[in-house]
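Peer 1: Let's see this in three dimensions:
(chains A and B)
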Amino acid sequence: MSEPTKSSGSGKSTAETSRRNFLRTSAVLASGIASLAAALSPLRELSDCTTVERFLQNHYKELTPEEMQKVLARITREVEQQYHIRPHVKDYKPMDGVEFVYCLNLTRCIGCRKCVHACVAENNQSRNPEIQYIRVLRMPHGSLDLEKGDHNYAPASVPEKGYFYMPVQCQQCRQPACVKVCPVKATWQESDGITVIDYDWCIGCRYCEAACPYFARRFNWTKPSIPAERLNPNMSYLGNRPRRQGNMEKCHFCIQRTRAGRYPACVEVCPAGARKFGNALDPESEVSYILRNKRVFIQLKEEVGTSPRFFYYFDV
Amino acid sequence: MQSDMIAADRTRWVLSGLSLSFLGLAVGFYFNLWGHLAPQSPIPLVDTNFISNATARMSLADLTRTGGDTSDFDCYTCHEKNKPIKLKFNAEGDVVVPTEHSDIVMAHGRHHRNNNCFNCHDETNLELLQTRDGHHLKIIDSPALCGSCHGPTYRDWEAGVHGRTSGYWRRELGPIERKACPSCHNPHAPAFPPRQPAPGPHLLHPLAQGGVRPERNE
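Peer 2: Prediction:
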């Protein structure tokens, strides 16, 4: 960009020209750089940039226990900084001899959407824009055609005559399409059957969202907003710790509850008792009883071969 | 020499042009000439009723546990002991609920055979329940009575499959809480009552909500 100073001519005039040229060029350059900086000012509004610590962090599976402690301390610090609440962040590991299975009774579900909001509260999902893991489809009687499902129903009271309700969330497939397409291995299936996401490893390409046949994955298009008074301080690394803009997220069977032996939030809140959760490898569990004795009719979209761990069943 | 001068001039012009355009952009951003997109309409926080895990109603057991008002179950503050009670029936054969019990709606079953209070209540001791085979039960032990007619449902309930279970799926780590029949069903009108649904999803894009295209404002 600078002036060619080697240009020929008498020594004196060259020196004069180059001084003038130099001054002129540097003035133009300085003002140019200043205007460039000013023109880039919208970038200052970008927040939530990655930190060096997070950038250099290893993949979840490669973290040593000491490194994990450091990571959890960092997350605790970040949450405290942002929400002024000290969270309890833990990394829950899968239990031995456990395979989680979910059963949902379509005869009992009344479509009240309490599960949707209990899930949002438990798992620190963004409130605006809204991110919800569960969609309750209102379906006309006599059909299982998902095309006829409507999730925007808003009557004064439910259930309505002539409809049944079918909540859909992550089906925790045995052959998860989302895991197959992830280019950076940021999502994988754990030994207890839960498909998890390492939010710090996710690059936000949304391939998994496109691959999922159940529309179970949600993307943080903007920085998630959670009012501090609704923040759930019991957090897990792979579960409900606050996400960042550009992260993918989805139902993880409330890892922070279920790996501590408790029922997921949606089970606890269902007023109709339509939701059942447990260990399929335990013959005494509720889900084993359902799979043995009830009319378990589908794994949703059975034909796509994902083999969900989420079963819909009927009474009678 | 000549070409060098031309090249230098061109560089100067390009640089000045770039500077000017950057300056223009900066001025534009500074005075906010293009405006910002209208912010997303606020989404109200959901009512905490929708995230509470309260059951559909409170049974006597729930009221006793939470220290609620159980005076409805003190039969002998009004009734006299050992005095037989006469039920009145109307022309259709339905029991006439006395005004003292006007909060009770008799709607147990779609037929009218379950209209006799003493199908379930014990006429000799009002604080007890009676099964069809003559057993007496306390009011808080009602599931066995319900199960005497609703066998398959009772079997499912015992297995933890009918009704709400909460607490710990892993029994070694903590207790499980199983709600009894009257925590959800009113024994006099047991059909599960309709309720108001929680708000549906607010979609990200205002147009998808049937809204208007966002206005650009200053």
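Peer 1: Please make it C-alpha for all contacts and neighbour counts, starting now.
Peer 2: Will do.
Peer 1: Can you tell me which residues in the stretch 201-316 of chain A are near chain B?
Peer 2: Where the stretch 201-316 of chain A comes near chain B, counting by Cα under 8 Å from any Cα of the partner chain, the residues are A:258, A:260-263, A:267-274, A:276-279, A:285-287, A:289-290.
Peer 1: middle-most residue in chain B, spatially?
Peer 2: For chain B, the residue nearest the mean C-alpha position is residue B:50 (5.1 Å; Cα atoms, centre = their mean).
Peer 1: Run a quick neighbour tally on the closest residue in space to it that isn't next to it in sequence.
Peer 2: Excluding the flanking residues, the one nearest residue B:50 by Cα to Cα, 6 or more residues apart in numbering or on different chains is residue A:114, at 5.2 Å. Number of residues near residue A:114 (other Cα atoms under 10 Å in any protein chain shown) recorded here: 22.
Peer 1: Can you pull the phi/psi pair for the nearest residue to residue A:40 once chain neighbours are set aside?
Peer 2: Excluding the flanking residues, the one nearest residue A:40 by Cα to Cα, 6+ apart is residue B:26, at 7.7 Å. With angles defined as degrees, to the nearest 10, residue B:26 sits at phi -60, psi -50.
Peer 1: what's the helix or strand for residue A:101?
Peer 2: strand A:100-105 (DSSP states H and E).
Peer 1: name the helices or strands packed onto the helix or strand following that strand?
Peer 2: The helix or strand immediately downstream of strand A:100-105 is helix A:114-122, counting by DSSP H and E. Applying 3 or more Cα pairs under 8 Å, 6 or more residues apart in numbering or on different chains; DSSP states H and E, one finds that helix A:114-122 contacts helix A:265-269.
Peer 1: what about the helix it packs on, average pLDDT?
Peer 2: Taken as a whole, helix A:265-269 has a mean pLDDT of 96.
Peer 1: got a pLDDT number for the closest residue to residue B:23 other than its chain neighbours?
Peer 2: Once flanking residues are discounted, residue B:23 sits nearest to residue A:35: 4.7 Å by Cα to Cα, 6+ apart. Per-residue pLDDT puts residue A:35 at 81.
Peer 1: and if you look at the one 4 residues further on?
Peer 2: The predicted local confidence for residue A:39 comes out at a pLDDT of 78.
Peer 1: What's the local residue count around residue B:150?
Peer 2: Number of residues near residue B:150 (other Cα under 10 Å) recorded here: 12.
Peer 1: typo on my end, residue B:33
Peer 2: Neighbourhood size, residue B:33 [other Cα under 10 Å]: 12.
Peer 1: Am I right that it is in a helix?
Peer 2: No. Assessed with DSSP: H, G, I helix; E, B strand; the rest coil, residue B:33 is coil; it does not lie in a helix.
Peer 1: Need the phi and psi values for it.
Peer 2: Dihedral angles of residue B:33 (phi, psi; degrees, to the nearest 10) stand at phi -60, psi -30.
Peer 1: where does chain A dip in pLDDT?
Peer 2: Counting by pLDDT under 70, chain A contains low-confidence ranges at A:1-17, A:44-49.
Peer 1: center of it, which residue is that?
Peer 2: Nearest to chain A centroid, counting by Cα atoms, centre = their mean: residue A:249, 1.0 Å.
Peer 1: residues contacting the closest residue to it other than its chain neighbours?
Peer 2: Distances taken as Cα to Cα, 6+ apart put residue A:218 closest to residue A:249, at 5.3 Å, once the chain neighbours are dropped. The neighbours of residue A:218, taking Cα atoms under 8 Å, 6 or more residues apart in numbering or on different chains as the test, are A:131-133, A:209, A:248-250.
Peer 1: Of those residues, which belong to strands?
Peer 2: Among those, the members falling in strands (DSSP state E) are A:248-249.
Peer 1: Select from the contacts of residue A:218 the one having the most neighbours.
Peer 2: Ranking the contacts of residue A:218 using other Cα under 10 Å puts residue A:249 first, with 27 neighbours.
Peer 1: which residues touch that residue?
Peer 2: Contacts for residue A:249 (Cα under 8 Å, 6+ apart) come out as A:197, A:199, A:217-220, A:243.
Peer 1: My read is that the residue nearest to residue B:50 contacts residue A:267, right?
Peer 2: No. The pair residue A:114 / residue A:267 is not scored as a contact, 10.0 Å apart, by Cα atoms under 8 Å.
Peer 1: Are we agreed that residue A:196 is in a strand?
Peer 2: Yes. Counting by three-state DSSP, residue A:196 is located in a strand.
Peer 1: Hmm, residue A:190 and it touching each other?
Peer 2: Yes. Here residue A:196 reaches residue A:190: they are 7.1 Å apart, a contact under Cα under 8 Å.
Peer 1: more neighbours, the two?
Peer 2: Neighbours were counted for residue A:196 and for residue A:190 using other Cα under 10 Å; residue A:196 has more, 22 against 12.
Peer 1: Contact partners for the more buried one?
Peer 2: A:187-190, A:238-239, A:252.
Peer 1: So how do I select the buried members of those in PyMOL?
Peer 2: A single PyMOL command selects the buried members of the contacts of residue A:196 (16 or more other Cα atoms under 10 Å in any protein chain shown):
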select buried, chain A and resi 187+188+189+238+239+252
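Peer 1: Run through the residues that contact residue A:214.
Peer 2: A:168-171.
Peer 1: Of those residues, which is the most crowded?
Peer 2: Among the contacts of residue A:214, residue A:171 has the most neighbours (other Cα under 10 Å), with 26 neighbours.
Peer 1: I figured that one hits residue A:312, correct?
Peer 2: No. Applying Cα under 8 Å, one finds residue A:171 not in contact with residue A:312, separated by 10.7 Å.
Peer 1: tell me which element the residue nearest to residue B:23 is part of?
Peer 2: Counting by DSSP H and E, residue A:35 is part of helix A:11-39.
Peer 1: outside of the next helix or strand after that helix, which residues touch it?
Peer 2: As assigned by DSSP H and E, the chain's next helix or strand after helix A:11-39 is helix A:52-55. For helix A:52-55, contacts defined as Cα under 8 Å, 6+ apart pick out residue A:200.
Peer 1: Give me the below-cutoff pLDDT ranges for chain B.
Peer 2: Ranges of chain B meeting pLDDT under 70: B:1, B:36-40, B:203-218.
Peer 1: residue ranges for the helices of it, please.
Peer 2: Assigned by DSSP state H, the helices in chain B fall at B:2-30, B:60-66, B:142-149, B:151-158.
Peer 1: Reformat those helices as CSV; add distance to residue A:99 and mean neighbour count.
Peer 2: Shown next, in CSV, are these (distance: least, Cα to Cα, whole Å; neighbours: other Cα atoms under 10 Å in any protein chain shown):
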stretch, distance to residue A:99, mean neighbour count
helix B:2-30, 55, 15
helix B:60-66, 33, 14
helix B:142-149, 32, 16
helix B:151-158, 22, 16
